[in-house]
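Peer 1: Sharing a sequence plus its predicted fold:
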Amino acid sequence: MTCKILIMPSYEDLATKIIDTGECTVCGACITACPDSHIKFIENKPKRPKRTMDCVSCHTCYDACYMLRHNLIKDIEGSTIGWGRKESIGLYRRAVVARTRDAGLLKECQDGGIATTLLLYALDSGIIDGALVVGKDNWAPVACIAKTRDEIILSAGAKYGVVPVLKELRAAVVDHGLSKICVVGSPCHIQSVRYLKYKDLPLASSVKLMVGLFCRENYEYACLAEKVRAKGMDIRHVDKLDVSDEFNIYAGRKKLSLPITDVKSCVPRHCLVCQDFAAELADIAVGSVGSPEGWSTVIIRTEEGERVFAGMEEKKFIETKEIADISDIKEIASRKKEKARQTEDTLRLKKQGLDKKEIAAILGITEERVSHRLDGTCAYSESDN
Ligand SMILES: Cc1cc2nc3c(=O)[nH]c(=O)nc-3n(C[C@H](O)[C@H](O)[C@H](O)COP(=O)(O)OP(=O)(O)OC[C@H]3O[C@@H](n4cnc5c(N)ncnc54)[C@H](O)[C@@H]3O)c2cc1C
Ligand code: SF4
Ligand code: SF4
Ligand code: SF4
């Protein structure tokens, strides 16, 4: 009789298949999942600094990675948001334009202050007892736990850079005793936390609400800081960053606008194949496109999202208007999906040994675009955005 030894996948397999290939979206789930805190956020990646005996019969971090099971996303969406025919911005119940009625708070926020107001309302009314948010250290994004109004307000505003939002989930539950958590994050963070809940990871049952931010792409912080420095500005003195048709940097009365082409080389590899613009798995998704300056576009997808949003309206914390035209948002979301599919095709053909010229001919695109798809460093045309 032969005896087969079943080798379970472990951290090494996660590293080989996802972390080292550039597919890792740095959501932080594997960091939080490790019961012995062996995985750390080092040089923008989840890394286990040294081999450890504890890993021998453990596969918890491997099980926690949604990128290894991306094919499940459809089922997860079906069981949480719904099964209907989907548009490029995902399924939703309601879409509006909204902003906070608190003029002081509005100044601290990125757009209409909806993410922050929602957290404040949910905390005050006991819907949540804390949130996973993103703070900053000289504009480098930092994953944080917010348990008070002040901590929530401190996290207002968008920061650009990869940030493992979910890495703080274990501390939020185990050290801070939180059991009703709201996660605010990019579409990738929201996909990851939905997956953890779908798999019944014990920590994830404490997540009760998910607020997703629209996201065309993200940028590596160090690369951005270098671009800003090259233009004679110190990122430490920056008051606000935002992305429209240009990458805008505000410091005091100064505004510096970099063409989007200048920051394309800062886009991490995983963003080039990401298809989710409008946080399709969030309870509520928030963004700036589709609304006037100082307002937010809000897409409400779940019953829980509807309940929380209606509560804010009832309390008159926010004002809302019907959305004038949602077609712009759908167009951006479709383009993101198409671009990601093209990048995946490009990478697949490259793996088969084809050169840039051959890939361009097969896909019917320019060689320049193939270059960008492969290494994210070539000139980018307007229509690419
Ligand atoms: C990387 C990135 C790319 C984006 N791209 C687009 C886009 O292409 N089009 C568009 O319409 N909108 C985009 N947004 C969303 C937009 O910038 C605003 O965040 C959104 O409109 C919410 O505005 P608000 O005033 O309601 O948020 P606020 O009330 O100011 O609250 C902001 C919230 O965002 C969280 N946050 C900040 N930075 C990050 C981060 N890096 N990762 C995860 N969470 C974070 C904070 O914790 C805070 O809770 C992007 C946001 C980010 C962070
Ligand atoms: S102990 Fe388990 S979860 Fe932690 S790094 Fe090792 S294999 Fe991963
Ligand atoms: S769980 Fe998240 S952070 Fe960890 S390897 Fe997977 S994608 Fe990366
Ligand atoms: S483009 Fe996708 S992978 Fe990149 S930060 Fe946005 S949601 Fe995450």
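Peer 2: Now that the structure is in, tell me what you want to look at. Ligands and ions are numbered 1, 2, ... in the order given.

Peer 1: which helix of the protein spans the most residues?
Peer 2: helix 327-351 (DSSP state H).

Peer 1: I'd like the next helix or strand past it.
Peer 2: helix 356-363 (DSSP states H and E).

Peer 1: tell me the mean pLDDT for that following helix?
Peer 2: What helix 356-363 shows for mean pLDDT is 93.

Peer 1: buried residues in the helix or strand that that helix is followed by?
Peer 2: As assigned by DSSP H and E, the chain's next helix or strand after helix 356-363 is helix 367-375. Neighbour counts using 16 or more other C-beta atoms under 10 Å place 369-374 of helix 367-375 among the buried residues. C-beta coordinates here come from the backbone N, C-alpha and C atoms, glycine included.

Peer 1: what's the distance between the nearest residue to Ser244 once chain neighbours are set aside and ligand 4?
Peer 2: Using C-beta to C-beta, 6 or more residues apart in numbering and skipping residues adjacent in sequence, the residue nearest Ser244 is Ser288, 7.8 Å away. From Ser288 across to ligand 4, the span is 14 Å (C-beta to the nearest ligand atom, to the nearest Å).

Peer 1: and Ser288, how many residues sit next to it?
Peer 2: Here the count is done by other C-beta atoms under 10 Å, and Ser288 has 20 residues near it.

Peer 1: What pLDDT does the model give it?
Peer 2: Looking at Ser288, the pLDDT reads 95.

Peer 1: Can you name the residues that contact it?
Peer 2: 110-111, 214, 242, 244, 296-297 (C-beta atoms under 8 Å, 6 or more residues apart in numbering).

Peer 1: ranking those by neighbours, who comes first?
Peer 2: Ser296 (28 neighbours).

Peer 1: Quick check: beta-bridge partners of that one?
Peer 2: Counting by DSSP bridges, Ser296 is bridged to Ala98.

Peer 1: Just confirm it contacts Asp111, I think it does.
Peer 2: Yes - using C-beta atoms under 8 Å, Ser296 is in contact with Asp111, at 4.5 Å.

Peer 1: which neighbours do these two share?
Peer 2: With C-beta under 8 Å, 6+ apart as the test, Ser296 and Asp111 both reach 99, 286-288.

Peer 1: among those, which ones are buried?
Peer 2: Buried among these (16+ other C-beta under 10 Å): 99, 286-288.

Peer 1: now the residue in the stretch 251-385 of the chain positioned nearest to ligand 3, nearest residue through space, not along the chain?
Peer 2: Scanning the stretch 251-385 of the chain for the residue nearest ligand 3 gives His270, at 7.9 Å (criterion: C-beta to the nearest ligand atom). Closest residue to His270 apart from its sequence neighbours, by C-beta to C-beta, 6+ apart: Thr25 at 4.8 Å.

Peer 1: Report the contact partners of the one you found.
Peer 2: Contact partners of Thr25, counting by C-beta under 8 Å, 6+ apart, are 67, 162, 188, 192, 270, 274.

Peer 1: Let's see if you can find the most crowded of the residues you listed.
Peer 2: So for those (other C-beta under 10 Å), the most neighbours sit at Ser192, 29 neighbours.

Peer 1: OK, contacts around it?
Peer 2: By C-beta under 8 Å, 6+ apart, the residues touching Ser192 are 25, 27-29, 66, 166.

Peer 1: okay, now Ala285: neighbour count?
Peer 2: With neighbours defined by other C-beta under 10 Å, the count for Ala285 comes to 31.

Peer 1: my read is it is in a strand, agree?
Peer 2: Yes - per DSSP: H, G, I helix; E, B strand; the rest coil, Ala285 lies within a strand segment.

Peer 1: returning to what we had before: does the residue of the stretch 251-385 of the chain closest to ligand 3 lie in a helix or a strand, and which?
Peer 2: Assigning secondary structure by DSSP H and E places His270 in helix 269-272.

Peer 1: contacting residues for the residue nearest to Ala278 when sequence neighbours are not counted?
Peer 2: Spatial nearest neighbour of Ala278, excluding adjacent residues (C-beta to C-beta, 6+ apart): Ile89 at 4.0 Å. Going by C-beta under 8 Å, 6+ apart, Ile89 touches 277-278, 280, 299, 326, 329-330, 333.

Peer 1: how about a cut-off of 10 Å?
Peer 2: Ile89 is in contact with 95, 214, 276-280, 285, 287, 290, 297, 299, 301, 326, 329-334, counting by C-beta atoms under 10 Å, 6 or more residues apart in numbering.

Peer 1: got it, and Ile365?
Peer 2: 342, 345-346, 359, 372-373.

Peer 1: Output the residues you listed as CSV; include the columns distance to Val308.
Peer 2: Shown next, in CSV, are the contacts of Ile365 (distance: C-beta to C-beta, whole Å):
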residue, distance to Val308
Gln342, 37
Asp345, 40
Thr346, 41
Ile359, 46
His372, 40
Arg373, 39
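
Peer 1: tally of neighbours for Leu68?
Peer 2: Close neighbours of Leu68, defined as other C-beta under 10 Å, add up to 17.

Peer 1: my guess is Lys47 contacts Cys61, does it?
Peer 2: No - using C-beta atoms under 10 Å, Lys47 makes no contact with Cys61, being 11.3 Å away.

Peer 1: ok, those two, which is more surrounded?
Peer 2: More crowded of Lys47 and Cys61, by other C-beta under 10 Å: Cys61, with 25 against 16.

Peer 1: Leaving out the residues flanking it, which one is nearest to that one?
Peer 2: Residue nearest to Cys61 in three dimensions, not counting chain neighbours: Cys30, with 4.0 Å by C-beta to C-beta, 6+ apart.

Peer 1: Tell me which helix or strand comes right after the helix or strand encompassing that neighbour.
Peer 2: Applying DSSP H and E as the criterion places Cys30 in helix 29-33. The helix or strand immediately downstream of helix 29-33 is strand 40-42, counting by DSSP H and E.
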